[in-house]
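K.L.:
Just to be clear, the model below is a prediction. Sequence and coordinates:
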Amino acid sequence: MPEVDEESETRSTREPEFQVIVWDDPVNLMPYVTHVFQQVFGWSRDKAQRHMLEVHEQGRSVVVRESFEKAEFYVHALQKYSLTATLELAS
């Protein structure tokens, strides 16, 4: 049986990617959102603040692109911290 080179696989044969989107809300304060991103994703303060500002200024931020299972895990983790997070098929 020939080996499959992952680099040569077409995108359509790979597992689809899902994106986790965090939405702006009137409840959570900016330092709290930064803290949550650091806790859930293990990000540096700078990276967490960049995404927090994107949520605040643009109304949303795509925080990760992962397999369905990993993306779903992140959505639930963010929701446990009372952030508004959704899962979408990445385009």
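P.N.:
Great, that's in hand.
K.L.:
contacts, neighbours, all on C-alpha from now
P.N.:
Will do.
K.L.:
Break down this structure into its strands, ranges please.
P.N.:
Secondary structure of the chain, counting by DSSP state E: strands at 18-23, 60-66, 84-89.
K.L.:
If you average the pLDDT over the first one, what comes out?
P.N.:
Summarised as a single mean, pLDDT over strand 18-23 is 98.
K.L.:
still on that earlier bit, need the winner for burial among the strands of the chain.
P.N.:
strand 18-23 (a mean of 22; mean count of other C-alpha atoms under 10 Å).
K.L.:
Other residues contacting it?
P.N.:
Contact with strand 18-23 is made by 55, 59-68, 71, 74-75, 83-90, as judged by C-alpha atoms under 8 Å, 6 or more residues apart in numbering.
K.L.:
State the pLDDT value of Ser12.
P.N.:
The model's pLDDT for Ser12 equals 51.
K.L.:
Pro2 now?
P.N.:
49.
K.L.:
try Ser91
P.N.:
For Ser91, the model assigns a pLDDT of 83.
K.L.:
what's the spacing between it and Gln19?
P.N.:
9 Å (C-alpha to C-alpha, to the nearest Å).
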